[in-house]
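Chemist: Everything below, folded, please.
(one chain, ligands or ions: 1)
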Amino acid sequence: MTLNASNFLPSDELLAALRSRRRVFVVGHVTPDADAIGSSLGLATAMRAQGIHAVCGLPASTVAKKLDFLLRLVSDTPCADSWSADDGYDGFIVLDTAGANRINMEPGLPLDGHIDVFNIDHHVSNTAFGRYNWIDAKASSTCELVARLIEKLGWKVSPSVASLLYAGIYGDTAGFSLPSTSPDTMETAATLLRCGADVAFVGEQLCRSQVRSDFELLRRVYDNTVVTDDQRIAYSHLTHQDFLAAGARPEDIDDQVAIPLALKGVHMAMLFTEGEPGVVRINLRGEGGVRVVELAQKFHGGGHAHAAGVRIRNKPLQEVMKEVVAAAHESLDAQIAALKG
Ligand SMILES: [Mn+2]
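Modeler: Below you'll find the model as predicted:
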């Protein structure tokens with residue numbers, strides 16, 4: 001295992017190891033978002049331009065409808081539903097994935113040690129499961145890291161790769177509006193624009209191309225939104241029945257928690273969804289410096305300081321909501337007490 005002293009750039013060891021690969025498999029996390037798809041498809045495509053045989057591991061069935069456009073940005077990078085060690089890979093690259101159990105691929109990590117695992121991520125909860133690890137929890141997105149990586153390697157960024165990486169940065173920063181957006185984020189975005197990233201196309205696809213089922217889901221998120229008496233917490237939910245009625249799939253849950261979060265004065269927002277029966281997914285967001293990652297960890301989830309997620313199995317949605325909202329109040333009280341203390 002290799003951890004870097006300074007995290008802004010990958011170690012020379014990781015760079016050299018990556019340069020010497022001939023055949024790699026690149027994957028991201030389950031329920032892939034724009035950052036997971038943009039970084040894995042973007043890096044795989046940039047590696048192919050260097051003559052490295054790179055395959056992006058991304059089961060099409062796991063991609064939300066609104067993110068389909070990312071797959072169409074590149075035509076000659078193969079996307080695979082599964083992988084096999086017999087295919088002679090000498091690198092297994094995991095991007096934007098906090099733990100090995102979150103990899104969006106069967107089978108998961110190669111465990112026999114014959115294939116080097118590269119782990120590049122910005123989740124603070126990353127378990128450094130790779131042989132080569134580059135974790136920069138200050139980075140806005142894994143796409144920002146991949147852009148830095150490609151620049152450091154001196155590789156070419158085509159307009160399609162630039163659009164993929166830009167989309168991931170845009171997605172993870174909610175359009176450059178989250179505290180994770182740094183001067184480096186903006187500079188990286190500017191560099192990607194100079195490489196040909198199509199801002200208008202990505203913006204149209206991400207913000208102004210809602211399919212009807214997503215629209216129907218949002219209608220229900222608005223309808224089900226509850227604000228606590230003290231106005232500090234807003235949350236909403238979607239039952240499995242809501243998914244069926246909207247014609248939506250579990251993978252269509254992305255950033256709908258932005259709706260309760262958008263209410264003025266709310267410090268913490270949550271979205272509880274039962275996309276598949278028996279599994280409650282929770283998206284957590286903190287506003288104004290409020291942390292949610294510890295709250296997520298309490299329920300065996302994880303993520304970033306101000307944006308995190310949890311999955312709870314075999315417990316009724318209403319019960320989960322009650323428990324988590326109670327814990328959210330405790331968490332807010334503790335954070336306020338610490339500020340005053
Ligand atoms: Mn990310």
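
Chemist: quick one: contacts for the residue in the stretch 201-341 of the chain that the ion sits nearest to?
Modeler: Relative to the ion, the nearest point of the stretch 201-341 of the chain is His304 (8.1 Å; C-beta to the ion). C-betas here are computed from N, CA, C, even on glycine. Residues in contact with His304 (C-beta atoms under 8 Å, 6 or more residues apart in numbering) are His122, His123, Val124, Ala137, Ser180, Val293.

Chemist: ChimeraX command to pick out the buried ones of the residues you listed?
Modeler: The following ChimeraX line selects those of the contacts of His304 that are buried, judged by 16 or more other C-beta atoms under 10 Å:
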select :122,123,180,293
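
Chemist: now the contacts of His304 as JSON lines including distance to the ion?
Modeler: Below are the contacts of His304 laid out as JSON lines (distance: C-beta to the ion, whole Å):
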{"residue": "His122", "distance to the ion": "6"}
{"residue": "His123", "distance to the ion": "7"}
{"residue": "Val124", "distance to the ion": "11"}
{"residue": "Ala137", "distance to the ion": "11"}
{"residue": "Ser180", "distance to the ion": "10"}
{"residue": "Val293", "distance to the ion": "14"}
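
Chemist: and the stretch 151-300 of the chain, which residues reach the ion?
Modeler: Asp172 (C-beta under 5 Å from the ion).

Chemist: Tell me where the stretch 151-300 of the chain has strands.
Modeler: 226-227, 233-238, 268-276, 279-286 (DSSP state E, counting those that start in this stretch).

Chemist: Serialize those to a markdown table and add fields for mean neighbour count and mean pLDDT.
Modeler: Listed next are the strands of the stretch 151-300 of the chain as a markdown table, based on neighbours: other C-beta atoms under 10 Å; pLDDT from 0 to 100:
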| stretch | mean neighbour count | mean pLDDT |
| --- | --- | --- |
| strand 226-227 | 14 | 98 |
| strand 233-238 | 24 | 98 |
| strand 268-276 | 23 | 97 |
| strand 279-286 | 24 | 98 |
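
Chemist: can you put these in CSV and add distance to Lys66?
Modeler: Listed next are the strands of the stretch 151-300 of the chain as CSV, based on distance: least, C-beta to C-beta, whole Å:
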stretch, distance to Lys66
strand 226-227, 26
strand 233-238, 16
strand 268-276, 15
strand 279-286, 16
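
Chemist: So which of these is nearest Ala326?
Modeler: Minimum separation from Ala326 across those (C-beta to C-beta) falls at strand 233-238, 10.4 Å.

Chemist: and the closest one, what does it pack onto?
Modeler: helix 212-223, strand 226-227, helix 258-261, strand 268-276, helix 317-340 (3 or more C-beta pairs under 8 Å, 6 or more residues apart in numbering; DSSP states H and E).

Chemist: what's the domain layout of the chain?
Modeler: Each domain of the chain is listed here as a residue range: 12-207, 212-340, per automatic domain parsing.

Chemist: Need the winner for burial among those domains.
Modeler: domain 12-207 (a mean of 20; mean count of other C-beta atoms under 10 Å).

Chemist: same question for it, mean pLDDT?
Modeler: Averaged across domain 12-207, the pLDDT comes to 96.

Chemist: do the same with stretch 324-336
Modeler: Mean predicted lDDT for stretch 324-336 stands at 97.
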